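[1] Need coordinates for the below:
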Amino acid sequence: MSRSYLLILGDRDAIAWVLREQRMAFPATPRAEVAALAVDDRLLLYATRGAWGNPTRDRGRVIGSATVRSTVRALDEPLEIAGRSFHSGCDLRIDGLVPYPGGVALQPLVGRLAAFPKPEAWSVYLRRALLQLPQPDVDLINEQLAPLLQRRREALATYPRVAAAAK
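    Numbering: from 1, shown residues only. Next up, the predicted model:
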């Protein structure tokens, strides 16, 4: 049975890499949720409030959905993205993407999401790469996300770092 997770992305260069490469990379620190990630698990891609470099302007948003296409495995060589080193990773298929700068703001939904048992301190749950989501949470987010999603190819060029890297 597949699981669903919020994939938390906190840097625009990392977001660009994930969207462009359709891969995810993880730091060396062992995390149970990363070890548990399996083929066909579903990911909701979340860009943090600070990911675009202007946390006073931007809100944390769910910007897309993806499916895990390979198991997490050690990389032959560590990968450096946005000044951080990553030692393992997996392949993804980006199933849908909201054009930049859109997405579903997460904060207004937090009080209705079981993944955040202490809504007043909700941001503490986002200090990791993955946050497992129960199905009712996925359904609630998807209600708002689905109408905004476009094909990856169509939405990709709207992302600043992705568009610049493609030139």
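
[2] Could you use CA atoms for every contact and neighbour count after this?
    Will do.

[3] The residue nearest to the spatial centre of the chain and Q22, how far apart?
    Using CA atoms, centre = their mean, the residue of the chain that lies closest to the mean C-alpha position is L45, 2.7 Å off. Applying CA to CA, to the nearest Å, the value for L45 to Q22 is 12 Å.

[4] need the helices for the protein, in chain order.
    12-21, 32-36, 135-145, 152-156, 160-166 (DSSP state H).

[5] Buried residues, the first one. List them.
    So the one you mean is helix 12-21. R12, D13, A14, I15, A16, W17, V18, L19, R20 (16 or more other CA atoms under 10 Å).

[6] does the second one really touch E80, like I thought?
    No. With contact defined as CA atoms under 8 Å, D13 and E80 do not form a contacting pair (10.7 Å).

[7] Any stretches of this structure with poor pLDDT?
    163-167 (pLDDT under 70).

[8] Need the contact partners of the longest strand along the chain.
    Using DSSP state E to define each element, the chain has its longest strand at strand 84-97. Contacts with strand 84-97, where a contact means CA atoms under 8 Å, 6 or more residues apart in numbering, come from 19, 22-28, 63-75, 77-80, 148-152, 155-156.

[9] which of the residues in it are buried?
    Result for strand 84-97 [16+ other CA under 10 Å]: buried residues F86, H87, S88, G89, C90, D91, L92, R93, I94, D95, G96, L97.

[10] Just name the closest of these to P55, please.
    Closest to P55 out of these is L97 (21.3 Å), distances taken as CA to CA.

[11] Skipping adjacent residues, who's closest to that closest one in space?
    Excluding the flanking residues, the one nearest L97 by CA to CA, 6 or more residues apart in numbering is G64, at 4.2 Å.

[12] wait, doesn't that neighbour sit right on Q22?
    No. The pair G64 and Q22 does not pass the contact test of CA under 8 Å, sitting 12.0 Å apart.
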